[in-house]
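In: Give the three-dimensional model of this entry:
(chains A and B)
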Amino acid sequence: MQKQSVFQSKLLPYALVAPQLAIVLIFFYWPAAQAVVQSFLLQDAFGLSTSFVWFENYQDILSQPDYFAAIVRTFVFSFAIAFSSLSSALLLAVMADKPLRGGTLYRTLLIWPYAVAPPVVGVLWVFMLHPSLGILARGLRGMGIDWNPLLDGNQAALLIILAAAWKQISYNFLFFLAGLQSIPKSVIEAAAIDGARPMRRFWTVTFPLLSPTIFFLLVINIVYAFFDTFGIIDTMTRGGPAKATETMVYKVYVDGLLGGNLGGSAAQSVILMVIVIGLTAIQFRFVERKVTY
Amino acid sequence: MANVTLRNVRKTYPGGFEAIKGIDFEVGDGQFCVLVGPSGCGKSTLLRMVAGLETITGGQIDIGGRVVNQVEPADRDIAMVFQNYALYPHMSVYNNMAYGLRNRGMAEPEIRKRVEEAARILELATMLDRKPRQLSGGQRQRVAMGRAIVRQPKVFLFDEPLSNLDAKLRIAMRVEIRKLQRRLSTTSIYVTHDQLEAMTLADTLVVMNGGVVEQIGNPLEIYQRPATTFVAAFIGAPPMNLMPLTSDELRSQLASDINASEAGILGIRPEDFVISSESIPGAIVLGLTVEAVEHVGAETFVYGTRQREEQGVAANPGELPPGEVIVRVPGATGPAIGQRIRAVAPREKLHLFTADGRRRVG
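Out: Numbers count the residues shown, from 1 in each chain, chains lettered A, B, ... in the order given. Prediction:
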């Protein structure tokens, strides 16, 4: 059932949507268009002249081995973050869905990390895992692990994945909990009477019925890992050591703002934009078609 | 094949609410037992306790000679049909029925045999590949039945399985369920709030109210000799007329009766009245003013009020407002509104209860 409002004036509805449209145009379409234009331009070192160079910036960026390394790194990070935060959130949601004493408190607390801004998350984890300051780092040292993410690229990558995944768990938890609660209780009870043990019940009934939620979250998490990890990377590692944590979005920043290569940076942005548009398109097609019952 | 025995079964929720207050009854092997009562009387809770979906806080439930209080639902050898069918939405009809058998490690050819046999009985053979959402309500209901029968369990449990269907389908499915149960002769417990469903299906009828059993027995017996005013008002539609014996008029009509001295409430079923000017010895005569007439076709219900306003009996489900009396007249002709009539009920059709309605005295 949809409610339809009738407006007296023909201009009023346009006036009402205008502020939102203005925001979208100014803060999204305008910079996006600028990036597309910029990606075809080349400026001389002193900023005195600008020339139109067609696809030279793209050719340049795509011929850099560095850029391919960043693409691969970004995908590895994304899948690692999505997988670890989705699986831990699902585990927590399944536990929280059971009737518990103080369950509401537990659920509320689990949602809190979502309110923490990404750079703050970065700082929190840096403090905990800093090789000379961190409490957890001391513990790791104590166990005989040579923990130093400032020097070891793999450890730095692990740190970023950990922090980024931790931050996203709350969001995923919320959706999983809602998904679990929308599964009729009697279906689970029917499975119990049908002789399925809790583990089998989960994999043959609950998990398939959650698949629309899982797919939705998978896409959201990947997009999150693509972009929103910027704050975490910037506060924790600044892309280092030796570019071991430089993802595509961080490279856009490094090349453009720090390196002054505006054309190359813009070309990277456009490539990123295309990837995300592609992911979103897949999501909508898939979600609308397949995974609804 | 099994007996189900309940011994002083109780359910108290952690908050202290007592949903089931000590229930005893036995369902014989192959019997069809119906639990009936108004919503909130504990009948579904009791069924879920038999299924193992609710814990038992007191007493014993015994299935086929084994106390099952601590046994998991999966190990009780029961099958249950839920009100909302509880089909697995992501599985085909075939897989819905096969799921329980696969969980028990049955060989695939045997599963196929059983599912196809059930599909044939339930006329689902052409729909085995469909998903539940592609089926109508009645078809979903039959899949839920199929899922129960392929298992060949000791006991079938039904939790208001027909209440989501439309009236016509409900009657058709009611007959189907009864036929199927006779054919398989599996012990069954069936929960409903519909007294007509209860009457037509049951071998044994258990009337519940407020967590206790009001009466257990054969449905006709219960209809003819209700043990309490609650049962009298709940079983039968339209309900029995219950009149307090406070007025001198009614009491004097019963003066010659020995049982009547103990009685506080008089009950008469609408169909036991005759509109007549004759007087039969021992009969009760009510003078009524016709307020409303309902024509159902084969019969007519006349709603009348007695001359004097009477104090009503405590309001129970389905009960009439104080002073109002329903009289059933066969055929399509009834008196006109406003007309005065004389409703006569013979002595052997009268039901007498104590003033609190908890006991029958004649």
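
In: next one: phi and psi at the residue nearest to the spatial centre of chain A?
Out: For chain A, the residue nearest the mean C-alpha position is residue A:224 (1.3 Å; Cα atoms, centre = their mean). When quoted as degrees, to the nearest 10, the phi and psi of residue A:224 stand at phi -60, psi -50.

In: State the pLDDT value of the residue nearest to it when sequence neighbours are not counted.
Out: Nearest non-adjacent residue to residue A:224, counting by Cβ to Cβ, 6 or more residues apart in numbering or on different chains: residue A:168, 5.9 Å away. All C-beta atoms are positioned from the backbone trio N, CA, C, and that covers glycine. For residue A:168, the pLDDT comes out at 85.

In: Distance check, residue B:26 against residue B:327.
Out: According to Cβ to Cβ, to the nearest Å, residue B:26 stands 39 Å off from residue B:327.

In: These two - which one has more neighbours?
Out: residue B:327 (28 against 14; other Cβ atoms under 10 Å in any protein chain shown).

In: The helix or strand harbouring the more buried one: what's the following helix or strand?
Out: For residue B:327, the host element (DSSP states H and E) is strand B:324-330. Next along the chain after strand B:324-330, taking DSSP H and E as the criterion, comes strand B:340-345.

In: by contact count, what packs against that following strand?
Out: Applying 3 or more Cβ pairs under 8 Å, 6 or more residues apart in numbering or on different chains; DSSP states H and E, we find strand B:340-345 packed against strand B:274-275, strand B:284-295, strand B:299-306, strand B:324-330.

In: the helices in the chain, which residues?
Out: Let's take chain A. A:11-24, A:30-38, A:56-62, A:65-97, A:103-111, A:118-129, A:135-142, A:153-181, A:185-193, A:198-201, A:207-227, A:229-236, A:248-253, A:262-289 (DSSP state H).

In: I was thinking of chain B, sorry if that wasn't clear
Out: B:43-51, B:93-103, B:108-121, B:137-150, B:167-184, B:195-201, B:219-224, B:229-234, B:248-253.

In: Off-centre distance for the first one?
Out: Put plainly, it is helix B:43-51. 15 Å (Cα atoms, centre = their mean, to the nearest Å).

In: quick one: is that helix near chain A?
Out: Yes: on the criterion Cβ under 8 Å from any Cβ of the partner chain, helix B:43-51 is in touch with chain A at residue B:51.

In: Now do that helix, average pLDDT.
Out: Averaging pLDDT along helix B:43-51 gives 91.

In: can you list the residues that contact it?
Out: A:189, A:193, B:4, B:6, B:9, B:11, B:19-20, B:23, B:35-37, B:54-56, B:61, B:63, B:73, B:76, B:78, B:80, B:155, B:157, B:159-160, B:189, B:191, B:193, B:208 (Cβ atoms under 8 Å, 6 or more residues apart in numbering or on different chains).

In: So, low pLDDT: which residues of the chain?
Out: Because you didn't say which chain, this covers chain A. Scanning chain A for pLDDT under 70 picks out A:1-5, A:44-49, A:260, A:287-293.

In: look at chain B instead
Out: B:1, B:247-249, B:255-260, B:307-322.

In: got the residues of it near chain A?
Out: Residues of chain B lying near chain A (Cβ under 8 Å from any Cβ): B:51-53, B:72-74, B:78-80, B:82-84, B:86-90, B:99-100, B:103-104, B:131, B:133, B:147, B:151.

In: Filter these down to the buried ones.
Out: Using 16 or more other Cβ atoms under 10 Å in any protein chain shown as the burial test, those include B:51-53, B:73-74, B:78-80, B:82-84, B:86-90, B:99-100, B:103, B:131, B:147, B:151 as buried.

In: And the residue nearest to residue B:117 when sequence neighbours are not counted, how far from residue B:104?
Out: Leaving aside its sequence neighbours, residue B:117 sits nearest to residue B:150 (Cβ to Cβ, 6+ apart; 7.9 Å). Going from residue B:150 to residue B:104 by Cβ to Cβ gives 11 Å.

In: Residue A:156 too?
Out: Applying Cβ to Cβ to residue A:156 and residue B:104 gives a distance of 51 Å.

In: now residue B:219
Out: Distance from residue B:219 to residue B:104, by Cβ to Cβ: 36 Å.

In: re earlier: wait, doesn't the residue nearest to residue B:117 sit right on residue B:119?
Out: No: Residue B:150 is beyond contact range of residue B:119, at 9.2 Å (criterion: Cβ atoms under 8 Å).

In: Please identify every residue contacting each of those two.
Out: residue B:97.

In: circling back to that earlier point, switch the helices and strands packed on strand B:340-345 over to a markdown table; also include distance to residue A:17.
Out: Formatted as a markdown table, those follow (distance: least, Cβ to Cβ, whole Å):
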| stretch | distance to residue A:17 |
| --- | --- |
| strand B:274-275 | 72 |
| strand B:284-295 | 57 |
| strand B:299-306 | 60 |
| strand B:324-330 | 61 |
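
In: Write out the residues of the stretch 151-293 of chain A neighbouring chain B.
Out: A:184, A:186-187, A:189-197, A:200, A:204-205, A:208-209, A:211, A:293.

In: re earlier: between the strand holding residue B:327 and strand B:284-295, how many degrees?
Out: 70 degrees (axes from the mean of the first three to the mean of the last three Cα atoms, to 10 degrees).

In: now for strand B:324-330, which elements pack on it?
Out: Partner elements for strand B:324-330 (3+ Cβ pairs under 8 Å, 6+ apart): strand B:241-244, strand B:284-295, strand B:299-306, strand B:340-345.

In: about what we covered before: could you check how many residues crowd around the residue nearest to residue B:117?
Out: Neighbourhood size, residue B:150 [other Cβ under 10 Å]: 24.

In: For chain A, see how far away it is.
Out: Distance of residue B:150 to chain A, given as Cβ to the nearest Cβ, to the nearest Å: 10 Å.

In: show me the contacts for that residue.
Out: Contacts of residue B:150 by Cβ under 8 Å, 6+ apart are B:97, B:98, B:100, B:101, B:111, B:114, B:115, B:117, B:118.

In: hmm, who's touching stretch A:269-284?
Out: With Cβ under 8 Å, 6+ apart as the criterion, stretch A:269-284 contacts A:32, A:35-36, A:39, A:58, A:61, A:215-216, A:219, A:222-223, A:226-227, A:248-249, A:252.

In: buried stuff in that stretch?
Out: Buried, per 16+ other Cβ under 10 Å, within stretch A:269-284: A:269, A:270, A:271, A:272, A:275, A:279, A:283.

In: Out of these, which comes closest to residue B:344?
Out: residue A:283 (76.9 Å; Cβ to Cβ).

In: Give the full set of residues in contact with residue A:229.
Out: A:77, A:81, A:118, A:160, A:164, A:247, A:249.

In: Out of those residues, the closest to chain B would be?
Out: Among the contacts of residue A:229, residue A:81 lies closest to chain B (Cβ to the nearest Cβ), at 27.9 Å.

In: returning to that earlier point: of the buried residues of stretch A:269-284, which is the nearest to chain B?
Out: Nearest member of the buried residues of stretch A:269-284 to chain B, counting by Cβ to the nearest Cβ, is residue A:283, at 20.0 Å.

In: And the closest one, how far from residue A:224?
Out: 13 Å.

In: Can I get the buried ones among the contacts of stretch A:269-284 as something I can paste into ChimeraX?
Out: Selection of buried members from the contacts of stretch A:269-284 for ChimeraX, criterion 16+ other Cβ under 10 Å:
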select /A:35,39,58,61,215,216,219,222,223,226,248,249,252
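
In: quick one: which of the contacts of stretch A:269-284 is nearest residue A:88?
Out: Of all the contacts of stretch A:269-284, residue A:88 sits closest to residue A:222, with 16.4 Å by Cβ to Cβ.

In: Surely that closest one and residue A:80 touch.
Out: No: using Cβ under 8 Å, residue A:222 makes no contact with residue A:80, being 10.8 Å away.

In: Right, I'll call it a day here.
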